[in-house]
Structure formats: C-alpha cells, structure tokens
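Trainee: I'll drop the sequence and a predicted model, then ask my questions.
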Amino acid sequence: MDDFLAKDVRQAVDTVYRTESRRVFATLVRLLGDFDIAEEALHEAFRAALEQWPVEGVPANPRAWLVSAGRFKAIDAIRRNARFADVEDFESFAESIPAEEPAGREPIEDDRLRLIFTCCHPALAADAQVALTLREVCGLRTEEIAHAFLTPAPTLAQRIVRAKGKIKDAAIPYEVPGAAQLAERLEGVLRVIYLVFNEGYSASSGEALTRPDLSLEAIRLGRLLVELLPEPEAIGLLALMLLQESRRPARASASGDVIVLEEQDRSLWNRALIEEGVARVEEALASRRFGPYSVQAAIAAVHAEAPGTRDTDWNEIVGLYDVLLRIDASPVIELNRAVAVGMRDGPAAGLALVDAILARGELSGYHLAHAARADLCRRLGQPKEARLSYQKALELSRQEPERRFLRRRLAEVGA
Amino acid sequence: MKYLCLVYGEERALAGMDDRHCVAYDEQIRASGQCLASEALQPAATATTVRVRNGKLSVTDGPFAETKEILAGFYMIEARDLNEAIQVASRIPPAEVGCVEVRPIRPIRETVKANAAKAAAD
C-alpha cells in the first residue's frame, strides 16, 4: 500500500515538474534576482517535494508550495555558504528577498513574460538570446540545444554563462517593457522565436532538411507568448509558423529530397494546423495593427487554401507582397514578389523582375535568387540560361537535400 | 547602478553637430540628478598615449588604436538598470551621428574592501 502511494506521489511530482517547473523558475528568478541561484533553488524545491509530499500529501497549490520551498532553500544555501562577512549583512540580504506573492493578479504569468523579455534582451548577443530562451523559458538542456544548432556543447554552455553574466553585471532588469518600448522589444522576442522555428524548418546547413523538434518548440513558445501577450504580430507569427508547419509532411520525399510547393501532394498538408493558422491570421489582420509576420501569414494562408498551384489566387499574393514591401522592404521580399508575378503574368514577366533585382547585386550571393531565375528560364524554354543559373545556385547552396534538388533540375534541363 | 556612457563617432560627423544642442542636453541631465560627471573631449589629434613597460615610460602621439570612430566625450550616470541607462544614452545628441557605448561600472573598491573583510573574518 505504501509503495503504491509513494509511486503515485512520485508521478504527481513528475507531472508538476513537467507543467510547472518553468513557471516556478520564472518566479524564483524574480524573488532571488539571480538565474543560477534560482535554478539551484528550483532543484532543491523539487527534491524537498519528493521527500515531503509522500508524508504530508500533495499540497493544494503545488506551485505556491514549490516557490516558497525554493525561496527558503535559497536563503538557507546562502547562509551556509557564508558569503557574507558578518551576520548583519546576511540578515539585510535575506530581508531584501521578497517573501510572499502579492495577492490578486496572476503574478506568475507576468514572471514568465519577464523571463521571455529578459532572455530576448537586445543587449545580449543574438545567438545568446536564442540559447538562453530555449534553456530558461523552454527548459531544454544545454546538450539538446547544442545538438539542435550543431554547435559543440561547451561553446553553447559558454554562450549561456556569458549571457547570464551580462544580465547580472550590466543589471538587465527582470521586467516586461513599458508601453513606450513594448512594440520594439516584442519585435526582438518574435525574431528569436522565428529564428528557432526556421532553424527547425529549413536547417541552414547539414544533412537533414528540417529539425522538427526545434520548430515544435518555437510553436510552443509562440503559443505561450500569445497566451501571455495577445499582440497582433505575436498572433501573426504564430499563424505563420502553424501554416508553414502544416506543409512539413509534403516538403520532403521519403528519401529526404526537397519537394517544391507546386509538386507537393496537398492531401498531406495538416488540415488542423491550417484551420488554426487561418483563424489566427484573420484575428491578426482584424486588429488593423498588424505587421510583416501577419502579412506573411496571410500569404501562407492563400497557398494553404488553394487546391493546387494553378488554382492559387496569385493576384492576391502579389497584392500581399506589395503590402509587405510597404511595411518592410527587402530584396528577398522583392524576389518572392517577382516569382508570384511570374505565376500570375507568365515566366517572362517574372524573369524581367528577377533579372532587374539580380543586376542590383544585393542578392548575387543568395542561392534562391539564382534558383528562381533558373526556374523561370526553364519554364520559358531557355535551357542554356536555366543551366547557368542552376549551376550558380548549386555553387552557393550549403544544404545537402537542396543541392540534390538542384542537381536533379540541372539534369532535367540537360546538363 | 553607475554606468559610463562613452560617446563615439567620426570626427567630421561630430564636428557638424551644434554645440548648443549638446550643452542643452547636458544641462538637462545634470539638473535631473542622473548625471554624476560629463565632459566633451578635444579631437583625437590632441591625444597622447602613455605606456609603462618594465618600468620604462613610453609616450606616443595619438590614440592607441587607429579607428574611424573616436572617443569624443563621456557621461557618468546613475540609473536603476540597463533599460534606464539605454534610455539616457539614446537621448545623448551625438547618438544620432555616432554611437554611445554603455558600460556598467565595476565596484572595484567595494569588492576589494569586502574581500579584505572576509579574509580578516576567516
């Protein structure tokens, strides 16, 4: 009987760990003012739970119990380490640690948002923001993050240590930015989330085309952010990720080869994700405060709802790219618009635009620009031109499945 | 927290700034109590670099590093945290033509004193 109970309690602790540990951590960081002390306190709190819950039963509010236990353990640890020259210093420090949760509002949800904004602070290096967010907000282990980004674990660990050092020494505050800075800072958070997603959706190098775990983690983060801070662009980014993710099963063959949009088996697209994504796009656009992520999501939604390439509303897509160029002009967006024009008005019209963009030189090192040009030439029946551009794209591409795709196309146009 | 805001920029761009504009900001931040010290520097051409190696003094002309952006002035400020320091730095007029490096002050005197006290207690 006792064994049975002990097993139940252990299971309860495991469940609480999975669902609550990052929340408890976020609050402990606020109370203790230090990432490392909070991490240690979190582990001590769960160790205490494993000892005490089998005897005393699982508390009514496990989260509050863990926060309070973690706080006590931290003060205890600091006392034992005797970092303080005299007792008076210690007492004043211990008193400076806030005791209880202010009643009323959900301060714990605010803590999670504080944690996100701190990890994505623009004063931290971009790669450190990504590593820290995955480590502290998502609770991924350093080894897991290192593996996902094909980085040696010690390098990644060093990056995290340095970022935590800067948070402490430069006094990066643990707070959600005020209204005046919120839009700008939210942009930074969204950039980190989308970077994580993209690394999982089209890995920038290496053997595999995608690393789905990373994309799912980014979607989880996106959902959390929308739940905590339902700003239109946060909703737009979530929609964009859901709609891109919906195509994953159709993007690669069983052998890991790239399948381009027009050749994808659309029955493989994940309808549930599309439905959710489309609803989110509508929500974001209805706000009238949307930005580039929402517009990109709207473009993805047009594709998602079309039965095939020919039935796609290319006119609407070109129009959405025009909106996107007005908000956030970039040569890559111009290139995508040119490809859409090529679908709407025929390959000659698209090629004229792509050539004009390439002539400016900004995209001459971008493999997809040459691949797009090659494709338009192929459709125009200009195999010689197509060959040259596929070769150029192949020289510039570093991703193996993409290179195989380009070699296949080269063979098709008679290399 | 104390931060030192180091103002950098290309000399030509900085020379194009209106001094009255800079002094107006300086007066404003000093009045706010947030500024502990601030000065503008003479051009880099007036700089002298001093080194001591093996007890031997070496004096050379110019700043120690050849860079396009030179140190043009500084503000020592008191701020609650980095976010507040960034807000102050963003209002320093040369931020519009050059850049401002925000560096937290290392509490070196306090650290040395605390270490000495700890050593004495042990």
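Mentor: Here it is on my side, so go on.

Trainee: and the residue of the stretch 101-250 of chain A nearest chain B?
Mentor: Among residues of the stretch 101-250 of chain A, the one nearest chain B by Cβ to the nearest Cβ turns out to be A:Pro173. It sits 3.9 Å away. For the C-beta atoms, the positions are set from N, CA and C on the backbone; glycine is no exception.

Trainee: Determine the number of other residues adjacent to that residue.
Mentor: Applying other Cβ atoms under 10 Å in any protein chain shown, we find 16 residues neighbouring A:Pro173.

Trainee: So which elements touch the helix or strand hosting A:Val278?
Mentor: Take DSSP states H and E as the rule and A:Val278 turns out to sit in helix A:271-286. For helix A:271-286, the elements it packs on are helix A:232-245, helix A:292-305, judged by 3 or more Cβ pairs under 8 Å, 6 or more residues apart in numbering or on different chains; DSSP states H and E.

Trainee: ok, which residues in chain B are in contact with chain A?
Mentor: Taking Cβ under 8 Å from any Cβ of the partner chain, the part of chain B that reaches chain A is made up of B:1, B:80-83, B:86, B:102, B:104, B:106, B:114, B:117-118, B:121.

Trainee: Only the buried subset of these, as a ChimeraX command please.
Mentor: Entered in ChimeraX, the line below selects the buried ones among the residues of chain B next to chain A, by 16 or more other Cβ atoms under 10 Å in any protein chain shown:
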select /B:1,81,82,83,86,102,104
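
Trainee: would you turn the helices and strands packed on helix A:271-286 into TSV with mean neighbour count?
Mentor: TSV is the format used below for those (neighbours: other Cβ atoms under 10 Å in any protein chain shown):
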stretch	mean neighbour count
helix A:232-245	26
helix A:292-305	23
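
Trainee: Of these, which is nearest A:Arg162?
Mentor: Minimum separation from A:Arg162 across these (Cβ to Cβ) falls at helix A:232-245, 27.5 Å.

Trainee: if we can go back for a sec, determine how far the helix holding A:Val278 lies from the middle of the whole chain.
Mentor: For helix A:271-286, the distance between its averaged C-alpha position and the chain's averaged C-alpha position is 18 Å (Cα atoms, centre = their mean, to the nearest Å).

Trainee: The residue of the stretch 101-250 of chain A closest to chain B and A:Pro230: what is the separation?
Mentor: When Cβ to Cβ, to the nearest Å is the yardstick, A:Pro173 and A:Pro230 sit 23 Å from each other.

Trainee: again, but for B:Asp81
Mentor: Plainly put, B:Asp81 is 27 Å away from A:Pro230 if you go by Cβ to Cβ.

Trainee: what's near enough to touch A:Pro331?
Mentor: A:Pro331 makes contact with A:Ile357, A:Arg360, A:Glu362, A:Leu363 under the criterion Cβ atoms under 8 Å, 6 or more residues apart in numbering or on different chains.

Trainee: Let's see the pLDDT reported for the second one.
Mentor: What it means is A:Arg360. Confidence at A:Arg360, expressed as pLDDT, is 95.

Trainee: Taking chain B, what residue is nearest to chain A?
Mentor: Closest approach between chain B and chain A, counting by Cβ to the nearest Cβ: B:Asp81, at 3.9 Å.
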